[in-house]
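A.B. asks: Got a predicted structure here, sequence first:
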Amino acid sequence: MSSSKPPLLSDATRDLARFGAGLKYADIPAEVIARIKLSLLDSLGCCLFGATLPWTRKVAELADDEDAKPVATLIGLGRGTSAALAALVNGTSGHAFELDDIHKESIVHAGSIATPVALALGESQTRAGKKIAGRDVLTAMVAGYEIGHRVGNAATMSLFFRGFHPQGTSGTFVATATAARLLGLEATQYQHALGIAGSQAGGLMAAQEGAMVKRFHSGRAAQSGVYAAQLASRDFTGILDALEAPYGGYLSTYSDKPDPSRLTAGLGTVWETLNVGYKPHASVTSIHSALDALGELMKEHDLKAGSIVKVEAGLSPMTHVHCAWEYKAQGVTAAQMNLYYGMAVIALDGAAFTEQFREARLSDPRILDFIKRIHATVDPEIEKMGAPFRHASRVKVTTRAGKIFEKLSLHRRGSPENPLSADEVVHKFRNVVRPCMNKKVSERIIALVDDCENLPDLGSLMSLLATAVKPVK
C-alpha cells in the first residue's frame, strides 16, 4: 500500500546521509572530540566488564560456531571473528550491565553500539590493507552519535510508550551511520545504508523484566549497522526515504507522535554528542536521580537503613511505567531496571554498582524487607515539567523518630546538566575493569584512548583489547 500523504520531512534521510558522508575530522569541534573520547573509554570499560558475563559469553559461543574469518577482536575474550559478528558480541557486552552512556532525549546508549562497530570495521579494514587511524574511528563515532540520536529524538518518547526498546530500534541508525562513515560510503550509498537500517530495527521493552535478550538488542543493532553499510557498499539498495516515509517509514511506524523536525534541527552546528551523559550507577538511567536523592538525604542527615520506616519516590510518568513495577528476583536485568531494588541497595550499601547486582544479592532478605518500605507514584509537578525532566524525582524519607526529609532532584548525577568530570569518567573505567583486568593493561588503554586522535592505526589498542579478561567472582 502506497500513501498519498506528504513525507514527514522532505529529504530528511538524504540530508542526514549527506552530513554523515561528508563529515571530516577537521569539521568536528574540539569539545565534541573530547566528549567522544570519553564515550569511547567509557564504552570500552563496559565491553571489558561485559565480556565476563554469561549472556555475552553465550552470544560469543554462537559467533564461534559460525567459524568466520577472525578479522575483528572479541573485546576481552582473547579471540576474533568477522566484523559483523564482533559487532554483535561486543555490542551485547557493551550493554551487558547497564553501565553504558545515555542520551536522554533519544533514550539511546550510543557508546555500546558505535564503539563496537567502529572498532570491528576499523580493524577488519586494516587487515584488508586499508589503514584506519584513530581519528577515523572518532569521526565515524561522531557520525553515529549525531545521526542516531537525531533519529531517536524525532521518534520521541512515543516509541518507548508503544513498547519498543530505543536501543534496538533507533540504535540501529547509530550503528549504520558509524559503519557507513568508517567504510567511506559516498552520500547515495550512505542513504541506502540508512534505508536498509530501517528495516532491521527491533527490540521489545518487555525484555526489561528479566530477559537476557535486552542486552542482545544492542548487539543486534550493531551487527545490523555493519550489514547495512556493507550491503550498501555493494550497491544493495534500501528505502531512500526510510525515516520520513508517511506510510511504512521508521517514524510513521514506530511512533504515534513523531517530531520529524528533530531529524535535522541544528545539523552540523548543534552537536548531540555533547548531550550524552555517563552512569555512576549500574542501573537504568531513569532511576538515577532517585538513587542520588536518597543517598544524599541519608548522608546529609546521617541516616541508616534501619532508621528509615518509609521512602516515597515521586517520578515522571515515564519513569513510573519504566521502573516502578513490583520487584521479583528474576534476574540481574530485572534488578537493574527496577526502582525499588535500586533504592534498597543505596539505603543498605550506599552504592548501586557492580557488586550490588550479583546473582547472590537478588534475593537478599534485607533488600526484600527494605523494598516493602518504598512507595512510588507519579509526581504531578514533575509531570507538568514535561519530557526534559523525565528523569527527575522527589524523594521523601520518614524516620522511626518521626522526622521527614525531602529532596527534589531535577538532574541526575552524570547528566549533561550535572556532569561527571573527565577524571570521574576515567575513575569509573578503572573501577569497572579492576576486577577483571591487569592494572598495567587498563592504564595503557586509558593512555591510548586519550591520545586516540594521534594514533596512526588501531593495532596497539586492539592488541590490548584482545587480552582475555579474568572471570569476576
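C.D. replies: Right, received. Where do you want to start?

A.B. asks: so where is the stretch 201-350 of the chain shaky, pLDDT-wise?
C.D. replies: Along the stretch 201-350 of the chain, the model assigns pLDDT under 70 to no residue.

A.B. asks: At which residues are the helices of it located?
C.D. replies: For the stretch 201-350 of the chain, the helices defined by DSSP state H, counting those that start in this stretch cover 213-233, 250-254, 288-300, 317-323, 332-337, 339-349.

A.B. asks: Looking at those helices, which one is packed in the most?
C.D. replies: Compared across the helices of the stretch 201-350 of the chain, helix 213-233 shows the largest average neighbour count, a mean of 27 (mean count of other Cβ atoms under 10 Å). Bear in mind the C-beta positions are built from the backbone N, C-alpha and C, glycine included.

A.B. asks: Can you tell me which of the helices of the stretch 201-350 of the chain is nearest to residue 444?
C.D. replies: Closest of those to residue 444 is helix 213-233, at 25.0 Å (criterion: Cβ to Cβ).

A.B. asks: For residue 414, give me its contacts.
C.D. replies: 277-280, 288, 420 (Cβ atoms under 8 Å, 6 or more residues apart in numbering).

A.B. asks: Give me the number of neighbouring residues for residue 372.
C.D. replies: Residues contacting residue 372 under the criterion other Cβ atoms under 10 Å number 10.

A.B. asks: Over to residue 149?
C.D. replies: Applying other Cβ under 10 Å, we find 27 residues neighbouring residue 149.

A.B. asks: Quick one: closest of the helices of the stretch 201-350 of the chain to residue 16.
C.D. replies: For the helices of the stretch 201-350 of the chain, the distance to residue 16 is smallest for helix 250-254, at 11.6 Å, taking Cβ to Cβ.

A.B. asks: What is that closest one packed up against?
C.D. replies: Under the contact criterion of 3 or more Cβ pairs under 8 Å, 6 or more residues apart in numbering; DSSP states H and E, helix 250-254 touches helix 134-161.

A.B. asks: Over the helix it packs on, what's the mean pLDDT, rounded is fine.
C.D. replies: In this model, helix 134-161 has a mean pLDDT of 98.

A.B. asks: ok, and the closest non-adjacent residue to the residue sitting furthest away from the middle of the chain?
C.D. replies: Centroid-distance maximum for the chain: residue 401 at 41.8 Å, with Cα atoms, centre = their mean. In this structure, residue 401 finds its nearest non-sequential neighbour in residue 307, 7.4 Å apart by Cβ to Cβ, 6 or more residues apart in numbering.

A.B. asks: what about the one you found, how many neighbours?
C.D. replies: By the other Cβ under 10 Å criterion, the neighbourhood of residue 307 contains 14 residues.

A.B. asks: for the one 5 residues further on, same thing?
C.D. replies: Neighbour count for residue 312, taken as other Cβ under 10 Å: 17.

A.B. asks: Same check on residue 171?
C.D. replies: 35.

A.B. asks: Likewise for the one 3 residues further on?
C.D. replies: When counting by other Cβ under 10 Å, one arrives at 35 neighbours for residue 174.

A.B. asks: Contact partners for residue 296?
C.D. replies: Counting by Cβ under 8 Å, 6+ apart, residue 296 touches 407, 409.

A.B. asks: And it, how close does it get to residue 320?
C.D. replies: To residue 320, residue 296 is 21 Å away according to Cβ to Cβ, to the nearest Å.

A.B. asks: Please report how far the closest residue to residue 375 other than its chain neighbours lies from residue 294.
C.D. replies: Nearest residue to residue 375, sequence neighbours excluded (Cβ to Cβ, 6+ apart): residue 312, at 5.2 Å. According to Cβ to Cβ, residue 312 and residue 294 sit 11 Å apart.

A.B. asks: With that, I have no additional questions.
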